[in-house]
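*Asks:* Give me a 3D structure for the following:
(2 chains)
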Amino acid sequence: GESVGLHLPTLSVQEGDNSIINCAYSNSASDYFIWYKQESGKGPQFIIDIRSNMDKRQGQRVTVLLNKTVKHLSLQIAATQPGDSAVYFCAEVNQGGKLIFGQGTELSVKP
Amino acid sequence: ETGVTQSPTHLIKTRGQQVTLRCSSQSGHNTVSWYQQALGQGPQFIFQYYREEENGRGNFPPRFSGLQFPNYSSELNVNALELDDSALYLCASSAGGGFQETQYFGPGTRLLVL
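*Replies:* Alright, predicted model coming up:
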């Protein structure tokens, strides 16, 4: 079956450091990828997206990289802050037009 | 806040009962998608409603059904509840059918089936 998975279930970083969260996807035909942030007790919040015709996209303090050759997606957060502590999900829109989420990586920021 | 609201926030039911969850979409959005999120897992797509019609469905049995109203609010109904239906149920609204538009999630309804 199709799956979007994450390499690490937890990530702990020092405040001010950069964070990198990785994601592997299995469907090479997927053409749209999204990163979501989910804080405790809340629904997922859109962070940044990227389409398959791009390999990099930047937002405010965040960058998403897409490597279609190895079917890998990463989210980079610059100068990580305590407010960035949350679970981060990657998601892909697959060939059937459905949104598939990965399991999530819990980011913990140490002050 | 996204402007997407869900009710109730929490719910306890017993096995075999039926439940209705509600979602109000963000102003200007005509599409609502529903997801089930088990503890420690990513959300799983249940179905999507676009302009009052079902517009795609995930791998959920027919006892999961839905509605979308003319104001684009939506309901998720689950019949014959099972213990495994215990989860956080999320709805998300967007400005168009499919998933190419940004989805804005509500806070979810936490359902516990005993």
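*Asks:* how about the strands in chain A?
*Replies:* Using DSSP state E, the strands of chain A run over A:4-5, A:10-14, A:19-25, A:32-38, A:45-51, A:56-58, A:62-67, A:72-77, A:86-93, A:99-101, A:105-110.
*Asks:* Need the mean per-residue confidence for the longest one.
*Replies:* pLDDT averaged over strand A:86-93 equals 94, rounded to a whole number.
*Asks:* coming back round to it: redo the strands of chain A as CSV? Include mean neighbour count.
*Replies:* C-beta here means a position set from N, CA and C on the backbone, and glycine is covered the same way. Compiled in CSV, the strands of chain A are given as follows (neighbours: other C-beta atoms under 10 Å in any protein chain shown):
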stretch, mean neighbour count
strand A:4-5, 18
strand A:10-14, 13
strand A:19-25, 20
strand A:32-38, 22
strand A:45-51, 16
strand A:56-58, 13
strand A:62-67, 18
strand A:72-77, 20
strand A:86-93, 24
strand A:99-101, 23
strand A:105-110, 17
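*Asks:* okay, the ones you listed in a markdown table with distance to B:Leu81 next?
*Replies:* Below are these laid out as a markdown table (distance: least, C-beta to C-beta, whole Å):
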| stretch | distance to B:Leu81 |
| --- | --- |
| strand A:4-5 | 28 |
| strand A:10-14 | 32 |
| strand A:19-25 | 33 |
| strand A:32-38 | 25 |
| strand A:45-51 | 29 |
| strand A:56-58 | 42 |
| strand A:62-67 | 38 |
| strand A:72-77 | 36 |
| strand A:86-93 | 26 |
| strand A:99-101 | 23 |
| strand A:105-110 | 29 |
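*Asks:* Distance to chain B for those strands - can I get that in a markdown table?
*Replies:* Below are the strands of chain A laid out as a markdown table (distance: least, C-beta to the nearest C-beta, whole Å):
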| stretch | distance to chain B |
| --- | --- |
| strand A:4-5 | 8 |
| strand A:10-14 | 11 |
| strand A:19-25 | 11 |
| strand A:32-38 | 6 |
| strand A:45-51 | 5 |
| strand A:56-58 | 14 |
| strand A:62-67 | 14 |
| strand A:72-77 | 14 |
| strand A:86-93 | 5 |
| strand A:99-101 | 3 |
| strand A:105-110 | 9 |
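*Asks:* So which bits of chain B are right by chain A?
*Replies:* Residues of chain B lying near chain A by C-beta under 8 Å from any C-beta of the partner chain: B:2, B:4, B:33, B:35, B:40-45, B:56, B:58, B:90, B:92, B:98-100, B:102-108.
*Asks:* From the residues you listed, which land in strands?
*Replies:* The strands, defined by DSSP E, take in B:Ser33, B:Tyr35, B:Gln44, B:Phe45, B:Gly56, B:Leu90, B:Ala92, B:Tyr104, B:Phe105 from those.
*Asks:* Closest one of those residues to B:Leu21?
*Replies:* B:Leu90 (9.8 Å; C-beta to C-beta).
*Asks:* where does the chain dip in pLDDT?
*Replies:* In the absence of a named chain, chain A is used. Chain A contains residues with pLDDT under 70 at A:1-8.
*Asks:* So which residue is dead centre in chain B?
*Replies:* Using C-alpha atoms, centre = their mean, the residue of chain B that lies closest to the mean C-alpha position is B:Trp34, 3.1 Å off.
*Asks:* for that one, what are its contacts?
*Replies:* B:Cys23, B:Phe45, B:Ile46, B:Phe47, B:Gln48, B:Gly66, B:Ser74, B:Leu76, B:Tyr89, B:Leu90, B:Cys91 (C-beta atoms under 8 Å, 6 or more residues apart in numbering or on different chains).
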